[in-house]
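J.: Fold the following, please.
(2 chains)
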There are 2 protein chains.
Amino acid sequence: MRADESVKGVLEDVREQVTPDKAERLALSEAIDELRQRIDLELDTREVSGETVHVGSTARDTWLSGDRDIDIFIRFPQTIDRETLEQQGLEIGRAVLPEGHAEFAEHPYIKGEYNGFAVDLVPCYDIAAGEPPKSAVDRTPHHTEYLNSKITPAQASDIRVAKQFLKGIGIYGSDLRTAGFSGYLTELLVLEYGQFYEFISEAARWSLPISFDPASHQTKSHDDPLVMVDPTDSSRNVAAVCTDENVARLQHYAREFLESPAVEFFTPTQLEPLTKAELRDVLERRKTDLVGVVFETPAIVDDQLYPQLEKSESGIKTELEARDFNCIRSTHAATDRTLLLFELQHATLPAIQRHTGPPVDVSDHAETFYRRYAEADVYGPFLEGSRYVVERDREFRTARELLESTALFDVGLGSHIESALQDEYTVVEHEQLVSLIDEFGTELAVYFNPAP
Amino acid sequence: MRADESVKGVLEDVREQVTPDKAERLALSEAIDELRQRIDLELDTREVSGETVHVGSTARDTWLSGDRDIDIFIRFPQTIDRETLEQQGLEIGRAVLPEGHAEFAEHPYIKGEYNGFAVDLVPCYDIAAGEPPKSAVDRTPHHTEYLNSKITPAQASDIRVAKQFLKGIGIYGSDLRTAGFSGYLTELLVLEYGQFYEFISEAARWSLPISFDPASHQTKSHDDPLVMVDPTDSSRNVAAVCTDENVARLQHYAREFLESPAVEFFTPTQLEPLTKAELRDVLERRKTDLVGVVFETPAIVDDQLYPQLEKSESGIKTELEARDFNCIRSTHAATDRTLLLFELQHATLPAIQRHTGPPVDVSDHAETFYRRYAEADVYGPFLEGSRYVVERDREFRTARELLESTALFDVGLGSHIESALQDEYTVVEHEQLVSLIDEFGTELAVYFNPAP
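T.: You can find the predicted model right below:
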C-alpha cells in the first residue's frame, strides 16, 4: 500500500516537527555521557560491581523532539540482595543528582533534572533475555536491546510519527489515566507493519481481537482486544493496559486520517471551558437531570487516583440503576476537588416500586413471600402470570436521598475515595452544578461535546 | 387426607347452598321432557332421522342451584350434508322455541327461554366415541356420556362445591374473558381426585406443569401449565384456554382456604367503585403518571372483544416501553366506552435519547453509522467501550405525543379495536382520567386494590 501525495505531505510536515535537530541530539548525548561517567565513578568509589544502561526512547532514537526524558538503569549482578540493590541505587542516584528525589512507585529510584533533561536513575538486576525478572524493571534494558537490534533509521522516524499521532488523538501512554499505547507498544506495532502508514492502514481494518507475537514464543492466552506478546517475555501482553475503547479510538482516527489527511490529527484538541450560560443552555436542551458528588481530591498519584475514580463512578452508577434511576451517561473530573457526575433520565421516581416474587407453584418461597406482604402496607400481593407481585414504597424517591444516604458506602468505591467521602462530600444538582463551572468547566465542555 | 371440622362445616354450608332442591329438579326435568317431546315431534313431522340428547351440567346433576341452563343437542346421522344439518337444526329450534333467536358463534344454533330456563338447541352429527368430529360440537354428547358413566352422586355434589369455589375466586368459565376452568374441566379434576377437598389440597401443592390423562390415551404434547387430556379426544387439552395466572390463582386460593376455611371464598368479591376523591388520593400516594386511551367499545361479543383488548393493551405497552416509557402496570376496562390504561414511571422523558451503534471494528457498519451521524444535530458520535454511541433528539418526549401519533397504529391492535380507534379516540391524563370515574370506577377500584 502506498500513501498518496496528500498523506505524504502531511507526514513529512509531522516528521519534521517531531525529529530532534542536531543541537538537541548533541545536548542529549553530552548529558548522557556525563551521567554515565558520574555513575561509573560512584560504582568504582563504592567498589560495587554494576553497569549503566541507557534505555527508553532516547536510547533508541525514537523520542519526540522536545521530549527530554533520559532513563538510565544501573544494572547490578543477581548476587546482591534486594535491600542492597535498593539502597545502593538510591545512594548512587542521590550522589549523581543531588537535587533529585526518590520515587517509590513499585520500585524505588531517583528522579531529577540534569542540563534541562528529566532524568530517571533506576537500579535493576542483570538478568538474561527471557529469564524471569527479579524486580519489576529488569526487563526494560532488554526491551531496548531488542528494539535496537530491529529498528532501522527510517523506522525510528516512523515510530516518532506514530507516537505523535497517538498523542494527538489522546491515547499515547500506558499510565492508568490514559490506559493507552505505551512507547514500547507503539514501537513494536510500527516494527510489525514496517512503517506508520501501513500501521494505521491496517489498524483501520483490524477485526478484534488481534494478536501479534513478534518473537513467536507466546505461552499464555490473553483476553484483550489487542495482544502484543512481549518479545522479551513470552507470558506478557504489552498492550494489557490498553482499553477496548482506546483500541476503537485508534481504529476510528486511523480511518478519519486516511479519509482526510491533516496535521490536526497530530495535535491534541483542547476545548475551551464551558461557561455558566453554555451549561444552562445545554441542560435546557437535553432536559435531563444531572446529579453530582463533590469532594476533596485525595492526595495520591494519578495511577492510584484514576482507577479509583473509575471504580467509584461505575459503582455509584450501578447503584443508581439498581434503584431505577436510569443513567444516560456519567463522568468524573478531578482538580483540587473531584466531581463524580451522573446524568439521569429522572432524578425523582414514583413513590411505589414493583417487586416481583416467586412463581406461585414454588410453594415454600411463594407462601413465605405472600405471608410477608399480605398484611404489609403495600399494593398487592397480586398475580402477574404465574408470579406474585407487590408494589411497595420506594426506599429512595430521589437520587439526592440515595447519594446522601449511607447506601453510597455500600457500593464498590476505591479505598481513598471512600475515605475522602467519609470526611465530607456534597451532592449537587442544577444551579449548584452551574456554580462549579470554574473548577470543572473544561471537563464539562468535554462531557457535553462528546467526540470519539 | 381428611378435612378437619372447620373445613367440613364450611363445605356443608356451601353444599347446601349449591344443591338444587326438589322443586328445582322437578321443574327442570319437566321442562326437559317437554322440550324433547317437541323436538321429537318436529323430527317426525319432517321425516328427518335424528335424536335428542340432553347434555351439560343439568344432564349430569352437577349444575349449581339457580343456574338454569338447559343444553339439548339434536343429533343427526353423518349421511346428511352440513347445509341440511344447519338448516334443519335452525328450523326445528325455531319451531320449538318460537321466541328464540339464532346464534352463529362457530356453529349455528337456537338460543331461547322455556319455563324460565335458558335453553340452547344445538344440531350436531352423531359420531362414535373417539371418532374425529365433523362439526365443532359433536364431542359434547360424549363428554356427558363419559362423565355420567363415572360420576357418583357424592362426587356430583363435590363438583358443585368445586364449581362454586372457582366462581367465588373468579376463574370459573372457559369464555375468553375469564380464560379459566370450564365446567367439563372442573368435573374431570374432581373425578381425578375423588372429592373437592382432595382436589384443592393437591392443587395447593401442584408443581407446574401438571398433566392428567384420565383415559390414558394422550397422543399430543401441550405447552400449557395444566393439561387435562380430553377422555373423548386424545389430542385435546381440556384446559388449553386456562391461563397460567388462573392456574396460579387456583393454587393461591386453595392454600388460603385450607389455611383459614370460610364461606367467603365461595362468593365473588365485588368492590365499590372508586370515587373521584379516592382516585385523586391514590394518584397522589403512588406519584406515578397515568395515561389512558378512551374510545367507543366495538359492538362484538365478549369472546371477540376481550382477546382484542388484551392484544391492544399489550401492544401499546410494548411500544411505550420501546420508547423508554417504563410501564409499571396496565389494564383495560370496557363499558359503553373502553379505557386502555397505562401507569408510567414518567409520562415525560428527556429531550435526548441514547442510540448505541456497532462496534468500531465492524468496519462497514461502523463507518456507515459514523458517517450518518457525524454531521447530524446530535451529541456524538462518541465511544463507549468498543462501540459508537450518539445521543439524538427523542421522537416522542411525552406518552401523549406517542399515543396521539400514527405510531399507535403500528402496534398489534385487534382489528375491531383498530377500526374503533380510527373512528375516534381520546388520550386522557390526570384530571381527565378522574372525570371518567362514573364509567370506569369499578375497574379502577380493582386496579388500585390489586389482589390475587
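J.: And for the closest residue to A:Glu404 other than its chain neighbours, the neighbour number?
T.: Nearest non-adjacent residue to A:Glu404, counting by Cβ to Cβ, 6 or more residues apart in numbering or on different chains: A:Val427, 5.5 Å away. No exception for glycine: its C-beta is placed from N, CA and C like everyone else's. Close neighbours of A:Val427, defined as other Cβ atoms under 10 Å in any protein chain shown, add up to 17.
J.: List the contacts of A:Val427.
T.: A:Val291, A:Gly292, A:Val293, A:Val294, A:Arg400, A:Leu403, A:Glu404 (Cβ atoms under 8 Å, 6 or more residues apart in numbering or on different chains).
J.: can we see that at 7 Å?
T.: Residues in contact with A:Val427 (Cβ atoms under 7 Å, 6 or more residues apart in numbering or on different chains) are A:Val291, A:Val293, A:Arg400, A:Leu403, A:Glu404.
J.: how close does it sit to A:Val293?
T.: Going from A:Val427 to A:Val293 by Cβ to Cβ, to the nearest Å gives 6 Å.
J.: Now for the two: what residues contact both?
T.: In contact with both A:Val427 and A:Val293: A:Leu403, using Cβ under 7 Å, 6+ apart.
J.: Show the buried residues in the contacts of A:Val427.
T.: A:Val291, A:Val293, A:Leu403 (16 or more other Cβ atoms under 10 Å in any protein chain shown).
J.: Can you add pLDDT and distance to chain B and give these back as CSV?
T.: Output for the buried ones among the contacts of A:Val427, formatted as CSV (pLDDT from 0 to 100; distance: Cβ to the nearest Cβ, whole Å):
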residue, pLDDT, distance to chain B
A:Val291, 98, 14
A:Val293, 98, 21
A:Leu403, 98, 19
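J.: Contact partners for the closest residue to chain B within the stretch 101-250 of chain A?
T.: Proximity of the stretch 101-250 of chain A to chain B (Cβ to the nearest Cβ) peaks at A:Ala248, 3.8 Å away. By Cβ under 7 Å, 6+ apart, the contact set of A:Ala248 is B:Val360, B:Asp361, B:Leu383, B:Ser386.
J.: how many neighbours does the last one have?
T.: Other residues near B:Ser386 number 21, with proximity taken as other Cβ under 10 Å.
J.: how near is it to A:Trp206?
T.: 11 Å.
J.: With A:Ile159 instead?
T.: From A:Ile159 to A:Trp206 the distance is 19 Å (Cβ to Cβ).
J.: Would you mind telling me which of the two has more residues around it?
T.: Taking other Cβ under 10 Å, A:Ile159 and A:Trp206 do not tie; A:Ile159 has more neighbours (29 against 18).
J.: ok, the more buried one - contacts?
T.: Counted by Cβ under 7 Å, 6+ apart, A:Ile159 has contacts A:Thr62, A:Thr186, A:Glu187, A:Val190.
J.: What subset of those is buried?
T.: For the contacts of A:Ile159, buried by 16+ other Cβ under 10 Å: A:Thr62, A:Thr186, A:Glu187, A:Val190.
J.: avg pLDDT for the helix or strand containing A:Asn246?
T.: Assessed by DSSP states H and E, A:Asn246 sits inside helix A:244-259. In this model, helix A:244-259 carries a mean pLDDT of 97.
J.: List the buried residues for that helix?
T.: In helix A:244-259, counting by 16+ other Cβ under 10 Å, buried: A:244-258.
J.: Please apply the same query to stretch A:316-327.
T.: The neighbour-count check on stretch A:316-327 (16+ other Cβ under 10 Å) flags A:Ile316, A:Lys317, A:Glu319, A:Leu320, A:Arg323, A:Asp324, A:Phe325, A:Asn326, A:Cys327 as buried.
J.: Chain B versus the first one, what's the distance?
T.: Okay, so that is A:Ile316. In this view, A:Ile316 and chain B are 17 Å apart by Cβ to the nearest Cβ, to the nearest Å.
J.: which residue packs closest to that residue, ignoring adjacent ones?
T.: That would be A:Val411: by Cβ to Cβ, 6+ apart, it lies 5.6 Å from A:Ile316.
J.: Quick check: A:Glu106 touching A:Ala136?
T.: Yes. With contact defined as Cβ atoms under 7 Å, A:Glu106 counts as touching A:Ala136 (5.0 Å).
J.: just to revisit the earlier point, which ones are touching the residue nearest to A:Ile316?
T.: Contacts of A:Val411 by Cβ under 7 Å, 6+ apart are A:Gly315, A:Ile316, A:Thr318, A:Glu319.
J.: go with 10 Å
T.: A:Lys311, A:Ser312, A:Ser314, A:Gly315, A:Ile316, A:Lys317, A:Thr318, A:Glu319, A:Leu320, A:Ala322, A:Glu418 (Cβ atoms under 10 Å, 6 or more residues apart in numbering or on different chains).
J.: before we move on, the earlier item: help me confirm that the residue nearest to A:Glu404 is found in a strand?
T.: Yes. With DSSP: H, G, I helix; E, B strand; the rest coil as the criterion, A:Val427 is part of a strand.
J.: And it, how far from A:Leu340?
T.: Distance from A:Val427 to A:Leu340, by Cβ to Cβ: 10 Å.
J.: Overlap in contacts, those two.
T.: Joint contacts of A:Val427 and A:Leu340 (Cβ under 10 Å, 6+ apart) are A:Val291, A:Gly292, A:Val293, A:Val294, A:Leu403.
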